[in-house]
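Chemist: next come a sequence and a model predicted from it.
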Amino acid sequence: MPAESRRIEEEGVLLPLAKIVAAGKFAEKTAMRLFTEAPHPARNPAQNIADLRAQIAALAAGAEAMKICAQTFGAEETLRHLKLVQENAAAAARRLVATLQEGEGTATLDDGSVIKVRAYREKQKEKKKGKAGEKGKKSKVKKVKFVLDFSGTSPRHPANFNAPPAVARAAVIYCLRALLGEDIPLNDGILRAVRIVLPPGSMLRPRAPDAVAAGNVETSQNIVNAVFAALGVCAAAQGTCNNFTVGFPGKGADSPGKQYYETICGGTGALWNPPNKSTPPPSPMGGTGGGKLFNPPSISDGGGRGGETPNKLTPPPSPMGGAGGGKTPNKLTPPPSLMGGVGGGKPQGANGADAMQTHMTNSRASDPEVLETNYPLRLLEFSFRRGSGGKGKFRGGMGATRRLLFLAEGTAAILSSHRKVPPPGIAGGGAGKTGINAVRRKNGKTEILPPCASAEMHPGDEFTIKTPGGGGAGKN
C-alpha cells in the first residue's frame with residue numbers, strides 16, 4: 001500500500017473493463033497481461049490471479065445458491081423474503097434514529113484536513129396514492145428522515161486520503177449497526193432511514209485521477225469518529241488502521257520477492273450516554289427482530305472482540321477495560337453495553353477498550369511464529385501502550401507498541417493518522433495520545449517518521465509503531 005501516492009495509477013494496477021470469463025472458462029492469458037503490462041505492474045501476478053479466481057468462484061457459488069433457492073421455494077417467494085430482509089433493516093434503523101440526538105462532529109487529520117458532519121432531522125412531504133377507483137386528490141403525509149450532512153468537509157485531498165462515496169456509505173451503515181442492538185443481516189435497507197449528503201468536490205467525493213489508498217483505511221475511521229461525535233455517543237477511537245507494509249526483494253525467477261501487510265490495534269474511544277436499550281418488535285422474518293446486544297469493548301464489526309491480540313506473554317484486554325490477569329477495575333461493575341450503558345442501569349458511559357482493532361478493521365495479527373517463519377523479521381515487542389488513553393470520567397482505551405527487527409534488506413512503509421492531532425475526547429474528556437512511527441538503526445540512531453512514510457531497512461534495524469489511544473469521556 002503506497003504511503004505517498006498522489007494519483008490513482010500510482011496505487012496499483014487499474015483493471016479496465018475486460019472479459020476474463022467466457023463460456024465458463026477463465027482467460028488466464030488476458031488476466032496476466034492486465035496485471036503485467038500496467039504502468040505500475042503487479043509484483044506477484046500469479047497470486048493476484050489466484051485471488052481473482054477465488055472471487056469468481058465465490059460469485060459462482062452465490063449464483064448457484066440463489067438458483068437453488070428459486071427452484072426450491074419459487075422465484076416470487078425468494079424475492080419476497082429478500083425484500084423482507086431489507087424492510088426489516090429499514091424498520092430497525094428508523095427505530096434507532098428516532099432516539100438519536102442531533103449535533104455536529106468534526107474529525108481533524110494530521111495535515112489539517114477536516115471531516116465535518118451535521119446530524120439532524122428533516123420533514124419530507126411524501127405523496128400517497130388513494131385506493132384504485134376512488135376520486136379525489138392524493139393525500140400528503142409528512143415523513144421524518146435523519147440526515148447526515150458532510151458539508152464543510154475539506155476539498156479533494158492532494159495526497160491519498162480521498163474516500164469514494166461508497167466508503168462514506170459503508171461507514172454510516174457501520175455506525176448505525178453498532179448502535180442498533182439488533183442482530184440484522186448486513187444490507188442496504190438500513191440506509192432507508194437516513195439521507196447522506198456528500199458535497200461535490202470534497203475529499204468524500206473525489207474524481208479520477210485522485211489517489212484513494214488511504215480513503216478506505218484511514219478516512220473511513222475518521223468518518224466514524226465524526227459521526228459518533230455528532231451523535232454524542234462515543235469519544236474518538238485511534239482513528240487509524242496503522243497500515244504497515246514490508247517488501248523484500250526477490251533473487252531471480254526461482255525466488256520471488258515477499259510482501260507483508262498488517263494493520264495494528266489501538267485504543268477505542270470511551271462511551272458516553274449511549275442510546276437506551278429497547279426491545280425490538282417481532283421480525284417479519286419470524287423471530288423477535290434480533291435482540292442480541294452489541295457489546296463492546298471492541299466496536300469492530302465482523303471481527304468479534306478479537307481484533308489483534310498482544311503476544312502470548314502479555315495478557316489480553318479485559319472486558320472491564322483493564323489488562324486481563326492483572327488488577328481488574330470496578331470488579332462489581334458488569335461489562336458495558338453500547339445499547340444499555342453500564343450494567344443495564346441508567347446509560348452513562350464506559351471505559352474504552354485497550355489495544356483493539358477499531359471500527360473499520362477486524363483483522364487479527366499473524367502469530368509471531370508464523371510471521372518469523374515466513375519473513376526475515378523478528379517480533380521484539382507487542383504490548384499495551386500504558387497511559388495513552390484519554391483521561392475522563394471514563395478513560396479512553398490504550399494503544400499498543402509494536403517493534404519489529406529486520407533480518408534482511410527490505411522496504412517498510414507506514415500509512416497512518418493521528419501522529420500530530422490526538423484523538424479527541426467527548427463531553428470534557430481528554431484526548432488520547434498521538435501515535436509514533438520510528439526507525440532505530442543498528443548503530444543506535446533513531447529516526448522519527450511522519451504519518452505517511454517509507455524507509456529502507458537493513459539487517460539489525462528496528463521499526464517501532466506506537467498506536468494512538470482513544471479519547472476519554474466526561475470530566476474526571
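Modeler: Arrived safely, thanks for sending.
Chemist: for this protein, which helix or strand comes out least confident on mean pLDDT?
Modeler: Sorting the helices and strands of the chain by mean pLDDT, DSSP states H and E puts strand 341-342 at the bottom, at a mean of 36.
Chemist: parallel or antiparallel, list what pairs with the lengthiest strand in the chain.
Modeler: Across the chain, the longest stretch assigned as strand under DSSP state E is strand 114-128. The pairing partners recorded for strand 114-128 under DSSP bridges are strand 103-108 (antiparallel), strand 139-149 (antiparallel).
Chemist: centre of the chain to that strand, how far?
Modeler: Mean-position distance between strand 114-128 and its chain equals 24 Å (CA atoms, centre = their mean, to the nearest Å).
Chemist: what residue ranges in this structure score low on pLDDT?
Modeler: Applying pLDDT under 70 to the chain flags the ranges 125-143, 252-255, 274-347.
Chemist: walk me through the domains of it.
Modeler: 1-11+25-73, 236-278+349-476 (automatic domain parsing).
Chemist: first-to-last residue distance for the last one?
Modeler: One end of domain 236-278+349-476 to the other measures 17 Å (CA to CA, to the nearest Å).
Chemist: how far does it sit from its chain's centre?
Modeler: Using CA atoms, centre = their mean, the offset of domain 236-278+349-476 from its chain centre is 15 Å.
Chemist: what's the answer for stretch 224-241, then?
Modeler: With CA atoms, centre = their mean, you get 11 Å for stretch 224-241.
Chemist: quick revisit: of the strands paired with strand 114-128, which approaches residue 61 most closely?
Modeler: Nearest to residue 61 among the strands paired with strand 114-128 is strand 139-149 (35.1 Å), distances taken as CB to CB. All C-beta spots, glycine's among them, are computed from the backbone N, C-alpha and C.
Chemist: in the next helix or strand after the closest one, what's buried?
Modeler: Note on strand 139-149: by DSSP states H and E, the next helix or strand toward the C-terminus is helix 165-180. Using 16 or more other CB atoms under 10 Å as the test for burial, helix 165-180 gives 167-180.
Chemist: gap between helix 165-180 and the chain center?
Modeler: 9 Å.
Chemist: distance from whichever strand or helix holds residue 81 to the middle of the chain?
Modeler: Assigned by DSSP H and E, residue 81 falls within helix 75-97. Helix 75-97 sits 25 Å away from the centroid of its parent chain (CA atoms, centre = their mean).
Chemist: can you show me the CA trace of it as CSV?
Modeler: This file holds the C-alpha atoms of helix 75-97, laid out as CSV (Å, rounded to 0.1, in the frame of the first residue of the first chain):
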residue,chain,number,x,y,z
ALA,A,75,-38.7,-17.1,-7.6
GLU,A,76,-41.5,-15.0,-6.3
GLU,A,77,-41.2,-16.3,-2.7
THR,A,78,-37.4,-15.9,-2.8
LEU,A,79,-37.7,-12.3,-3.9
ARG,A,80,-40.3,-11.6,-1.3
HIS,A,81,-38.0,-12.8,1.5
LEU,A,82,-35.1,-10.8,0.1
LYS,A,83,-37.3,-7.7,0.2
LEU,A,84,-38.4,-8.5,3.8
VAL,A,85,-34.7,-8.6,4.9
GLN,A,86,-34.3,-5.0,3.7
GLU,A,87,-37.6,-3.9,5.1
ASN,A,88,-36.7,-5.3,8.5
ALA,A,89,-33.3,-3.5,8.5
ALA,A,90,-35.1,-0.2,7.5
ALA,A,91,-37.6,-0.6,10.3
ALA,A,92,-34.8,-1.3,12.8
ALA,A,93,-32.9,1.8,11.6
ARG,A,94,-35.9,4.0,11.9
ARG,A,95,-36.5,2.9,15.5
LEU,A,96,-32.9,3.7,16.2
VAL,A,97,-32.7,7.2,14.6
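Chemist: quick one, longest helix in this structure?
Modeler: The single longest helix within the chain, with elements called by DSSP state H, is helix 45-73.
Chemist: now do that one: which elements does it pack against?
Modeler: With contacts taken as 3 or more CB pairs under 8 Å, 6 or more residues apart in numbering; DSSP states H and E, helix 45-73 sits against helix 28-36, helix 75-97.
Chemist: export those helices to a markdown table and tack on distance to residue 49?
Modeler: Output for the helices and strands packed on helix 45-73, formatted as a markdown table (distance: least, CB to CB, whole Å):
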| stretch | distance to residue 49 |
| --- | --- |
| helix 28-36 | 5 |
| helix 75-97 | 32 |
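Chemist: most tightly packed of those?
Modeler: helix 75-97 (a mean of 17; mean count of other CB atoms under 10 Å).
Chemist: tell me what angle that one forms with strand 114-128.
Modeler: Using axes from the mean of the first three to the mean of the last three CA atoms, to 10 degrees, one finds that helix 75-97 and strand 114-128 are set 120 degrees apart in direction.
Chemist: what packs against helix 75-97?
Modeler: For helix 75-97, the packing partners by 3+ CB pairs under 8 Å, 6+ apart are helix 45-73, helix 165-180.
Chemist: look up how far residue 197 lies from the nearest residue to residue 425 once chain neighbours are set aside.
Modeler: In this structure, residue 425 finds its nearest non-sequential neighbour in residue 471, 3.8 Å apart by CB to CB, 6 or more residues apart in numbering. From residue 471 over to residue 197 the distance is 26 Å, taken as CB to CB, to the nearest Å.
Chemist: the two - which one has more neighbours?
Modeler: residue 471 (36 against 14; other CB atoms under 10 Å).
Chemist: contacts for stretch 4-20, please.
Modeler: Residues outside stretch 4-20 that contact it (CB atoms under 8 Å, 6 or more residues apart in numbering): 1-2, 26-27, 30-31, 34-35, 38-42, 48, 52, 56, 158-160, 208-213, 452-454.
Chemist: just list whatever residues bridge to the nearest residue to residue 436 once chain neighbours are set aside.
Modeler: Of all residues not flanking residue 436 in the chain, residue 466 sits nearest, at 4.2 Å (CB to CB, 6+ apart). Per DSSP bridges, the residues bridged to residue 466 are residue 401, residue 436.
Chemist: hmm, back to that, name the helix or strand for the residue nearest to residue 425, please.
Modeler: Counting by DSSP H and E, residue 471 is held by no secondary-structure element, helix or strand.
Chemist: burial count for residue 440?
Modeler: Residue 440 has 16 nearby residues by other CB under 10 Å.
Chemist: ok, now how distant is it from residue 464?
Modeler: 7 Å.
Chemist: any chance of JSON lines for the helices and strands packed on helix 75-97, columns distance to residue 228?
Modeler: Converted to JSON lines, those look like this (distance: least, CB to CB, whole Å):
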{"stretch": "helix 45-73", "distance to residue 228": "32"}
{"stretch": "helix 165-180", "distance to residue 228": "6"}
